[in-house]
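A.B. asks: When you get a sec, could you give me coordinates for this:
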Amino acid sequence: MNDKRTEPRIPLMARVDVLWEDEEGNPRVAPGTLEDKSFGGVCIRMQAPIQAGLNLTIKWGSEQFSGTVTNCRRDRQAYVLGVQRHSGAE
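C.D. replies: Numbers count the residues shown, from 1 in each chain. Just a heads-up that it's a prediction; the model follows:
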């Protein structure tokens, strides 16, 4: 498999809360599963699709960061989102 990723990924399995505003500006929150992370982003699996380009906040435990959805694809009964961390996000 040809992997285009430029950063190493750390596999994880953590429940997260995903917060964002939909296209109409309504606040939304949904549970998700953090599948992996790197310095620049994360991969999240969730039941709701989120349009690429939207900003969101991801919270788990005492950690939180914001980012932008770079891609969203359907995988079986869920959606897999690629999220790029915003500059300065921990």
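A.B. asks: only C-alpha atoms for contact and neighbour calcs from this point on.
C.D. replies: Fine.
A.B. asks: C-alpha coordinates for stretch 11-28, PDB please?
C.D. replies: The C-alpha trace of stretch 11-28 is given here as PDB (Å, rounded to 0.1, in the frame of the first residue of the first chain):
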ATOM      1  CA  PRO A  11      -2.300   4.200  16.700                       C
ATOM      2  CA  LEU A  12      -4.800   5.000  19.500                       C
ATOM      3  CA  MET A  13      -8.200   3.900  20.600                       C
ATOM      4  CA  ALA A  14      -9.800   6.700  22.600                       C
ATOM      5  CA  ARG A  15     -13.300   7.900  22.900                       C
ATOM      6  CA  VAL A  16     -13.600  11.600  22.100                       C
ATOM      7  CA  ASP A  17     -16.200  14.300  21.800                       C
ATOM      8  CA  VAL A  18     -16.300  16.200  18.600                       C
ATOM      9  CA  LEU A  19     -17.700  19.800  18.600                       C
ATOM     10  CA  TRP A  20     -18.400  21.800  15.500                       C
ATOM     11  CA  GLU A  21     -20.900  24.200  13.800                       C
ATOM     12  CA  ASP A  22     -22.900  22.800  10.800                       C
ATOM     13  CA  GLU A  23     -23.300  24.600   7.500                       C
ATOM     14  CA  GLU A  24     -26.200  26.600   9.100                       C
ATOM     15  CA  GLY A  25     -24.100  27.700  12.100                       C
ATOM     16  CA  ASN A  26     -25.900  25.400  14.600                       C
ATOM     17  CA  PRO A  27     -23.600  24.000  17.300                       C
ATOM     18  CA  ARG A  28     -23.200  20.200  17.100                       C
END
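A.B. asks: if you average pLDDT over stretch 33-49, what comes out?
C.D. replies: For stretch 33-49, mean pLDDT rounds to 95.
A.B. asks: May I see the buried residues of it?
C.D. replies: Of all the residues in stretch 33-49, those buried under the rule 16 or more other Cα atoms under 10 Å are 33-38, 40-46, 48.
A.B. asks: can you tell me which of those are in helices?
C.D. replies: Among the buried residues of stretch 33-49, no member is found in helices (DSSP state H).
A.B. asks: Appreciated, that's everything.
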